[in-house]
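Visitor: next one to model:
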Amino acid sequence: MSAEARRILVLGGAGQLAWELRRSLASLGQVIAAGRRSATHAVDLEHPETILPLVEAVRPDWIVNAAAYTAVDRAEQEPERARAVNGVAPGLLAEAAGRVGAQLVHYSTDYVFDGRAGRPYLEDDPAYPLGVYGASKLDGEAAVARAGCDWLILRTAWLYGARGGNFMRTLRRLARERAELRVVADQVGAPTWARHVAEATAQMLARLGDDRAAWHRHCGVYHLSAAGETTWHGFAEAIVAHQRRHEELPCRAVTAIATADYPTPARRPACSLLDNGKLARAFGIRLPDWRVGLAQVQEELDAGEE
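Guide: Take a look at the predicted model:
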């Protein structure tokens, strides 16, 4: 199928990953963006009755689901909302994809693990989520796998970008407002730029194309995160250090604290590192070190795109 004829349905509205996907996938087909506020392709994953009519109206060749309930702490007070969006809706999307002959790409999270492994997690490691958010995302993975369509589940971690609410944007703002930032230093992960995830997704889809046999062979869960590792404190220090080279900041110290010193309603994994070897073997894709993505996105923001 030619790129002109292919239709790609991207869910996630104006979210940080959906925004990047709409650009990275543009060369592979006609991208149709859907979200709660879309004037032409509205869908609300909290309301399952909106899913199948959208898919049947668009009749996409690929569905890329970047929509999610991501308020990790609020999920503890709103478990039904989290489960509806993260646990139930992905399965309904996968069923709808099967009805129209589409393939589905769905994103999941390091939060399906409890963080106690002490090493990067493999795709088939046992999942033990610590809270409602992680449990709801794990339910979504299972629902997609049961539905019967061709699918890819891409687990990523510590996602951030130039748009939307995320750690990097929050830190940049706070560094302009406060003399000291206190940041957790005993949780380990790899901050992953949303654009790198979108670009890797585009590479995977370009390789699979419309070859149903290839989709069947590659169907499964893949880890997709930046190389390297750091802590939230190390991530914060790198963000502020870059800012200091470009502007005067009131922030004079980024202080390391323990998780116990910053209690939250939801528990976080102590280690969120993901092993990306399966992705590299199957598709030849490895994301660059997290510092590379951070430097690139902050340069964009410094140029006035924030």
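Visitor: how near is the closest residue to His223 other than its chain neighbours to Asp125?
Guide: Excluding the flanking residues, the one nearest His223 by Cβ to Cβ, 6 or more residues apart in numbering is Leu274, at 3.8 Å. Every residue, glycine included, has its C-beta placed from N, CA and C. Going from Leu274 to Asp125 by Cβ to Cβ, to the nearest Å gives 10 Å.
Visitor: which one of those two has more residues nearby?
Guide: Neighbour count, other Cβ atoms under 10 Å: between Leu274 and Asp125, Leu274 has more, with 28 against 14.
Visitor: thought the more buried one was touching Ala190?
Guide: Yes - at 7.3 Å, Leu274 and Ala190 qualify as touching, with contact defined as Cβ atoms under 8 Å.
Visitor: ranges for the helices of the stretch 101-250 of the chain?
Guide: All helices of the stretch 101-250 of the chain, identified by DSSP state H, counting those that start in this stretch, fall at 132-147, 167-175, 194-208, 212-218, 232-244.
Visitor: show me the one of these that comes nearest Arg59.
Guide: Ranking these by proximity to Arg59 (Cβ to Cβ) places helix 212-218 first, at 16.6 Å.
Visitor: do you know the pLDDT at Arg74?
Guide: Model confidence at Arg74, given as pLDDT, is 97.
Visitor: chain neighbours aside, what residue packs nearest to it?
Guide: Pro265 (7.8 Å).
Visitor: swap in Ala282?
Guide: His218 (6.0 Å).
Visitor: mind listing what that neighbour touches?
Guide: By Cβ atoms under 8 Å, 6 or more residues apart in numbering, the residues touching His218 are 152, 208, 282-283.
Visitor: one more: Asn276?
Guide: Per Cβ under 8 Å, 6+ apart, neighbours of Asn276: 120, 223-225, 227, 286-287.
Visitor: turn those into a markdown table, columns for pLDDT, distance to Val254 and neighbour count.
Guide: What follows is the contacts of Asn276, written out as a markdown table (pLDDT from 0 to 100; distance: Cβ to Cβ, whole Å; neighbours: other Cβ atoms under 10 Å):
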| residue | pLDDT | distance to Val254 | neighbour count |
| --- | --- | --- | --- |
| Pro120 | 97 | 26 | 19 |
| His223 | 98 | 29 | 23 |
| Leu224 | 98 | 28 | 26 |
| Ser225 | 98 | 23 | 30 |
| Ala227 | 98 | 23 | 15 |
| Arg286 | 96 | 29 | 13 |
| Leu287 | 97 | 25 | 23 |
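Visitor: name the nearest of these relative to Ala202.
Guide: Leu224 (12.2 Å).
Visitor: from Arg146, how far out is the closest residue to the closest one other than its chain neighbours?
Guide: The shortest distance from Leu224 to any non-neighbouring residue, by Cβ to Cβ, 6+ apart, is to Leu154 (4.6 Å). From Leu154 over to Arg146 the distance is 18 Å, taken as Cβ to Cβ.
Visitor: picking that back up, overlap in contacts of Leu274 and Ala190?
Guide: 157, 225.
Visitor: burial of Asp114, as a residue count?
Guide: With other Cβ under 10 Å as criterion, Asp114 counts 19.
Visitor: what does Thr70 give?
Guide: Thr70 has 21 nearby residues by other Cβ under 10 Å.
Visitor: pretty sure it is touching Tyr133, no?
Guide: Yes - when contacts are counted by Cβ under 8 Å, Thr70 is listed as touching Tyr133 (7.5 Å).
Visitor: contacts only, for Ala270.
Guide: 115-116, 186-188, 259.
Visitor: filter those to the buried ones?
Guide: Using 16 or more other Cβ atoms under 10 Å as the burial test, the contacts of Ala270 include 115, 187-188 as buried.
Visitor: strands - which of the residues you listed land there?
Guide: Val188 (DSSP state E).
Visitor: could the buried ones among the contacts of Ala270 go into JSON lines alongside pLDDT and distance to Ala34?
Guide: Listed next are those as JSON lines, based on pLDDT from 0 to 100; distance: Cβ to Cβ, whole Å:
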{"residue": "Gly115", "pLDDT": "96", "distance to Ala34": "33"}
{"residue": "Gln187", "pLDDT": "96", "distance to Ala34": "34"}
{"residue": "Val188", "pLDDT": "97", "distance to Ala34": "35"}
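Visitor: any chance of a markdown table for the buried ones among the contacts of Ala270, columns distance to Ala84?
Guide: Below are these laid out as a markdown table (distance: Cβ to Cβ, whole Å):
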| residue | distance to Ala84 |
| --- | --- |
| Gly115 | 26 |
| Gln187 | 28 |
| Val188 | 31 |
